[in-house]
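Undergrad: No letters, just coordinates:
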């Protein structure tokens, strides 16, 4: 029974880091969607970027190339906007907490004699 209590403590730490990583991913998606909506206001209908997750088109937001294009268009249309920096901050958070999650899992996955 004691091993379960010890393992539960480590599992909760892993879920804590994973939860923050997941939240950073959601924040990243929301910021990217907001950037796309603002850019779409200045583009003709045929050149707009779809903001749905379920769209399978060459102009979808899931493509890293389109993220870069959106970044540049947003910088062109909205020079004073903070959304580009928020977009970078969410990328950094996602990477940081992914690394922490993996590191935490590796440091606590060694079988302890007991």
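TA: Looks like it arrived, so ask away. Given the structure is predicted, the values throughout are model-derived calculations rather than measurements.

Undergrad: so residue 93 is in which element?
TA: helix 83-107 (DSSP states H and E).

Undergrad: Kindly provide the whole-number mean pLDDT of that helix.
TA: Here helix 83-107 scores 81 as its mean pLDDT.

Undergrad: contacts for that helix?
TA: 13-14, 17-18, 20-21, 24-25, 27-28, 31-32, 34-35, 38, 71, 74-75 (CB atoms under 8 Å, 6 or more residues apart in numbering). Where you see a C-beta, it was placed from the backbone N, CA and C, and this is true even at glycine.

Undergrad: Which among those count as buried?
TA: Buried subset of the contacts of helix 83-107 (neighbour count, 16 or more other CB atoms under 10 Å): 13-14, 17-18, 20-21, 24-25, 27-28, 31-32, 34-35, 38, 71, 74.

Undergrad: need the helices for the chain, in chain order.
TA: For the chain, the helices defined by DSSP state H occupy 2-40, 64-77, 83-107.

Undergrad: any chance of the ones you listed in CSV, with distance to residue 49 too?
TA: As requested, these are exported to CSV (distance: least, CB to CB, whole Å):
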stretch, distance to residue 49
helix 2-40, 5
helix 64-77, 6
helix 83-107, 14
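
Undergrad: Relative to residue 54, which of these is closest?
TA: Nearest of the helices of the chain to residue 54, taken as CB to CB: helix 2-40 at 13.1 Å.

Undergrad: What is the closest one packed up against?
TA: On a contact count with 3 or more CB pairs under 8 Å, 6 or more residues apart in numbering; DSSP states H and E, helix 2-40 meets helix 64-77, helix 83-107.

Undergrad: can you redo those as a markdown table with distance to residue 48?
TA: Output for the helices and strands packed on helix 2-40, formatted as a markdown table (distance: least, CB to CB, whole Å):
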| stretch | distance to residue 48 |
| --- | --- |
| helix 64-77 | 11 |
| helix 83-107 | 17 |
